[in-house]
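A.B. asks: Next one to model:
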Amino acid sequence: MASILRTLFTWRTHNQFFLHIDGEKFYPRMLESIRQAQQFISLEMYLCASGKVFDEFRDALIAAAQRGVAVRLLLDGFGSLQLNARDRDLLVGAGISLRFFNPLSWRGGIKNLLRDHRKIMIVDKTAVFTGGAGLTDEFVPIDNDTPGWHDVMVEIRGSLVTDWQWLFDRSWNGIRNRFKRRLFDASFEVETRQLASGMGRVAPSFGPQAQLVLQSLHQQIKFAQQRVWVVTPYFIPSWKFRQRLIHAAHRGVDTRVLVPGTYTDHPSLRRASQRYYAKLLHHGVRIFEYQPRFIHAKIALCDNWTSIGSTNFDRWNLRWNLDANQEVLDTDFAVQLVDMLDSDFANSIELRQQDWQLRPWYQRCLEWLAGLMERLSRELK
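C.D. replies: Presented below is the predicted three-dimensional model:
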């Protein structure tokens, strides 16, 4: 399957990429696109919960459907458990096509672990939004004492829209469908030639069947010369991933990992990830813990190559989830990302090897226990 996917998702030129940082920026931009839609809206979302954020999207989608826009909404059966019956009824009653990926079932057994973790919104043939955020109130500040989660969404305009639409259609029609040859709209291809020639590629993951996001990242780390920066809210890396980071640091590449500090939605996973720090720090990999709030973004930056999307670089995520990232080769976009990450690193605590070696014994015990629990859960088959 991996070889088939490589031919389906190739590098494409004539694209524009826009980086939207935090919910205060990307939610209004997404809602504006929904309100401007004329033909169709395709929305695939993992985390979706009733609340202020979803109210705005629900109303905008209903208004779009009422003016004749075809709206398809694909939600994960587990990630949408907090979407109440009223919201579901309002969507369906307005003529919106609503489907749930792999609804939880007592008979499902271990298949219940397979989740659609993607975050994709496609509007007409003009724009795609993808990143790490769901439609929940966690991504916007509630008050001055409760800041929203730190995340990003990428807006894509150009030839890549067709690839994202194909990926959505495949999930919508059922993940077991065989790959079919895609027919591209020639007029659409002509229109995109008027845009900037930014290069990009869709990088999907289909659980253990094909992990192109990670394979691509490994290749980019291997040949990076200037920097390897990885941002992830859950850092449970494979041995091969750790070795890639170590080898990059040995070559003199600026190798950094940015992870959450005390603000996290899964403290046990933070503890489990910390058992890898000592060896990475010893070999020159720099580790930063973000302080102001929970950092939920999933980003890789190798020189000027970037990958942003829904993929957490941890073994559980790569084993069980459907994910997708946008890969970008665009200097201007990389500069924007570097500016953001420079600020994020400045608002983080860098862990030092000498200090990490002096951490108390009870912290080491918590790391060991959390690591044991993570390994046991990973053995589920």
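
A.B. asks: so where is this protein shaky, pLDDT-wise?
C.D. replies: Within the chain, the ranges that satisfy pLDDT under 70 run 1-8, 143-145, 175-197, 207-210, 315-319, 355-381.

A.B. asks: middle-most residue in it, spatially?
C.D. replies: In the chain, the centroid-proximal residue (Cα atoms, centre = their mean) is residue 310; its distance is 1.5 Å.

A.B. asks: What ranges does the stretch 1-150 of the chain have for its helices?
C.D. replies: For the stretch 1-150 of the chain, the helices defined by DSSP state H, counting those that start in this stretch cover 2-8, 23-36, 52-66, 85-93.

A.B. asks: can you redo these as CSV with mean neighbour count and distance to residue 296?
C.D. replies: Every C-beta, even on glycine, is put in place using the N, C-alpha and C of the backbone. Output for those, formatted as CSV (neighbours: other Cβ atoms under 10 Å; distance: least, Cβ to Cβ, whole Å):
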stretch, mean neighbour count, distance to residue 296
helix 2-8, 12, 26
helix 23-36, 16, 10
helix 52-66, 18, 14
helix 85-93, 14, 23
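
A.B. asks: Partner strands of the helix or strand containing residue 301, with direction?
C.D. replies: Here residue 301, judged by DSSP states H and E, is contained in strand 299-302. Looking at strand 299-302 with DSSP bridges, its partner strands are strand 227-231 (antiparallel), strand 305-309 (antiparallel).

A.B. asks: Please, where are all the helices along the stretch 201-350 of the chain?
C.D. replies: For the stretch 201-350 of the chain, the helices defined by DSSP H, counting those that start in this stretch occupy 212-223, 239-250, 267-274, 277-282, 315-320, 331-346.

A.B. asks: Sort out which residues of the fourth one are buried, please.
C.D. replies: I take that to be helix 277-282. Going by neighbour count (16 or more other Cβ atoms under 10 Å), the buried part of helix 277-282 is 277-278, 280-281.

A.B. asks: Of the helices of the stretch 201-350 of the chain, flag the one that's most buried.
C.D. replies: Ranked by mean neighbour count under mean count of other Cβ atoms under 10 Å, these are led by helix 267-274, which reaches a mean of 21.

A.B. asks: what's the farthest-apart pair in the buried residues of helix 277-282?
C.D. replies: In the buried residues of helix 277-282, the most distant members under the criterion Cβ to Cβ are 278 and 280, with 7.4 Å between them.

A.B. asks: what sits against residue 141?
C.D. replies: Residue 141 makes contact with 24, 147-148 under the criterion Cβ atoms under 8 Å, 6 or more residues apart in numbering.

A.B. asks: Can I get the strands paired with strand 299-302 in a markdown table including distance to residue 55 and mean neighbour count?
C.D. replies: Output for the strands paired with strand 299-302, formatted as a markdown table (distance: least, Cβ to Cβ, whole Å; neighbours: other Cβ atoms under 10 Å):
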| stretch | distance to residue 55 | mean neighbour count |
| --- | --- | --- |
| strand 227-231 | 30 | 24 |
| strand 305-309 | 26 | 25 |
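
A.B. asks: Quick one, which of those gets closest to residue 60.
C.D. replies: Closest approach to residue 60 among the strands paired with strand 299-302 is made by strand 305-309 (23.1 Å; Cβ to Cβ).

A.B. asks: can you count the residues close to residue 106?
C.D. replies: Here the number of neighbours of residue 106 (other Cβ atoms under 10 Å) works out to 6.

A.B. asks: distance of it from residue 174?
C.D. replies: 22 Å (Cβ to Cβ, to the nearest Å).

A.B. asks: For residue 253, give me phi and psi.
C.D. replies: Main-chain dihedrals, residue 253, degrees, to the nearest 10: phi -80, psi 140.

A.B. asks: so it makes contact with residue 228?
C.D. replies: Yes. Using Cβ atoms under 8 Å, residue 253 makes contact with residue 228 at a distance of 5.5 Å.

A.B. asks: circling back to that earlier point, who are the neighbours in contact with the residue nearest to the centre of the chain?
C.D. replies: Residue 310 neighbours (Cβ under 8 Å, 6+ apart): 46, 117-119, 130-132, 298, 321, 323-325.

A.B. asks: Check the residues you listed against residue 235 and report the nearest one.
C.D. replies: residue 298 (10.9 Å).

A.B. asks: quick one, phi/psi of the residue lying closest to the closest one once chain neighbours are set aside?
C.D. replies: With Cβ to Cβ, 6 or more residues apart in numbering as the criterion, residue 298 has its nearest non-adjacent residue at 4.8 Å, and that residue is residue 132. For residue 132, the backbone dihedrals (degrees, to the nearest 10) come out as phi -110, psi 0.
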